[in-house]
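Chemist: predicted structure and sequence below. I'll ask about it afterward.
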Amino acid sequence: MSTETDRLYSFINNAAVQDIKAAIGETSPPSKKEAPTVAKTAAPTNLTQKFDPAALLDSIQETDEAITRSRGGGEKYANNPYVPHMNRSRETGKVLQLPVPGHSVKELVGYLRDAADKGGHGLKLAVPKDHATDGSTVVVKFQAVEKRKHTPRANKGAKAECPVCHESVSVTADNKFRVHGPRDARCPGSGSAVSGE
């Protein structure tokens, strides 16, 4: 049957149409096809309520109990098996790679960071971008390198008066005036040493 015929049968077998026909005394032969039943849609009964942070303010209580982590990093990485491999990578300068299930990549990275920290190394890490997070194999590459030494800038936030434009200008780490002035006409004092040399 065509779609139009199906629609016609649905219309003829509609309860409202049958009631009208019965009221005017008209009867129609029973159709060979039953009208489709309409599924009843009910409103969901277990609507989740929206979180209202202000509603909980009265429940805040002070406590003298200290916060203890249920799974501290020290306990988790106490017997880190990657420490010797990280040390060997630092000695040889070789990049190591490890195939790991995608769902374990994050855990592995935690172990590698801890192993590098315990050995006093820096860590170069290469994890494929948008890697699988299921059981598919992901190859993680890592290498122990020299740890960067962080030396805070002595003149962080320092400013000095530019001898050319006489404006207060930020000073770079190597004690020079930052580039300043309009883009199309930079001040000639830009990049010069603060001491005037």
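Modeler: Great, that's in hand. Just so we're clear, the structure is a prediction, and the values are computed from it rather than from any experiment.

Chemist: from now on I want contacts and neighbour counts done on CA atoms only, so please keep to that.
Modeler: Fine.

Chemist: how about stretch 95-106: buried residues?
Modeler: 101-103, 105 (16 or more other Cα atoms under 10 Å).

Chemist: and that stretch, end to end?
Modeler: With Cα to Cα, to the nearest Å as the measure, the first residue of stretch 95-106 is 19 Å from its last.

Chemist: about what we covered before: turn the buried residues of stretch 95-106 into TSV, including secondary structure.
Modeler: Putting these into TSV (DSSP: H, G, I helix; E, B strand; the rest coil) gives the following:
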residue	secondary structure
101	strand
102	helix
103	helix
105	helix
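
Chemist: please, where are all the helices along the protein?
Modeler: 3-12, 15-23, 73-76, 83-92, 105-119 (DSSP state H).

Chemist: quick one: contacts for the residue nearest to residue 126 when sequence neighbours are not counted?
Modeler: Excluding the flanking residues, the one nearest residue 126 by Cα to Cα, 6 or more residues apart in numbering is residue 141, at 5.0 Å. Counting by Cα atoms under 8 Å, 6 or more residues apart in numbering, residue 141 makes contact with 95-98, 125-127.

Chemist: do I have it right that residue 186 meets residue 177?
Modeler: No. Look at residue 186 against residue 177 with Cα atoms under 8 Å: they stay out of range, at 12.0 Å.

Chemist: who's more crowded, these two?
Modeler: Between residue 186 and residue 177, residue 177 has the larger neighbour count (other Cα atoms under 10 Å), namely 23 against 11.

Chemist: separation between the residue nearest to residue 126 and residue 125?
Modeler: In terms of Cα to Cα, residue 141 sits 6 Å off from residue 125.

Chemist: common neighbours of the two, please.
Modeler: Common neighbours of residue 141 and residue 125 (Cα under 8 Å, 6+ apart) do not exist.

Chemist: if we can go back for a sec, from the contacts of residue 141, which land in strands?
Modeler: Counting by DSSP state E, the contacts of residue 141 place 96-98, 125-126 in strands.

Chemist: buried sites along the longest strand seen in the chain?
Modeler: For the chain, the strand with the greatest residue count under DSSP E is strand 137-145. Buried positions in strand 137-145, judged by neighbour count with 16+ other Cα under 10 Å: 137-140, 142-145.

Chemist: direction included, what does it pair up with?
Modeler: Strand 137-145 has its sheet partners listed here by DSSP bridges as strand 96-101 (antiparallel), strand 122-126 (antiparallel).

Chemist: how about a markdown table for these, with mean pLDDT and distance to residue 173 added?
Modeler: Formatted as a markdown table, the strands paired with strand 137-145 follow (pLDDT from 0 to 100; distance: least, Cα to Cα, whole Å):
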| stretch | mean pLDDT | distance to residue 173 |
| --- | --- | --- |
| strand 96-101 | 90 | 36 |
| strand 122-126 | 91 | 24 |
